[in-house]
Each structure stands twice: as C-alpha cells, then as structure tokens.
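Engineer: predicted coordinates and the sequence they were generated for:
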Amino acid sequence: MGERVWETLEIFISIMIGVVIGMFIGYMMFKKVLYKGPDSNEVIKEIKTDDKGKYKWEPMITLCPLGTVHVDLESETNETSK
C-alpha cells in the first residue's frame, strides 16, 4: 500500500508542476502591454508658482517597476497608419 501512495503523490506533484509551468508560459505569451507614467498626485505636488504667478514644473526622473515593457509609441502609430 505504501508504494501506491508514493505513485499517487508523484502523479499529483507532476500535474502541479505542469500547471505552474503552463500558467507561467501563458502569462508570458499573453501579457498585455501597459502604458504607465508617473503618479499624477506626485506631479501635482511638484508644480509650483513663481513670483509672477506663472506655473513652473521641473521634470523628474521616475523608475519603472520590474517587468514593464517599454514601447516606442511613434513606431506603433507609423505602423498602424500604413
């Protein structure tokens, strides 16, 4: 009876590994491209006025989260207009 339990356990583990690998491959193949910019609340805090009442904003560098895809928007628009 002990061997049958181990065989069942091996089959279960093999199925679970296959499911995890399949989910990973599916995620990588069908991942959508997200266009992400800086948080607008942080940008609003950086907008200041000078002595004349004009608005002044200095661009800031923002770090992209891991796993994001960078896409050249100009090349995409040129390809779709052809």
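Structural biologist: Good, I have the coordinates.

Engineer: buried residues in stretch 6-22, which are they?
Structural biologist: Residues of stretch 6-22 classed as buried under the neighbour-count rule (16 or more other C-beta atoms under 10 Å) do not occur. For glycine as for every other residue, the C-beta is placed from the backbone atoms N, C-alpha and C.

Engineer: before we move on, what about stretch 32-50?
Structural biologist: Per 16+ other C-beta under 10 Å, stretch 32-50 contains no buried residues.

Engineer: can you measure across that stretch, start residue to end residue?
Structural biologist: Across its full length, stretch 32-50 reaches 42 Å end to end, with C-alpha to C-alpha, to the nearest Å as the criterion.

Engineer: pLDDT (mean, whole number) over that stretch?
Structural biologist: Per-residue pLDDT values across stretch 32-50 average out to 75.

Engineer: now do residue 11, the pLDDT please.
Structural biologist: Turning to residue 11, the model gives it a pLDDT of 93.

Engineer: give me phi/psi at it?
Structural biologist: Main-chain dihedrals, residue 11, degrees, to the nearest 10: phi -60, psi -40.
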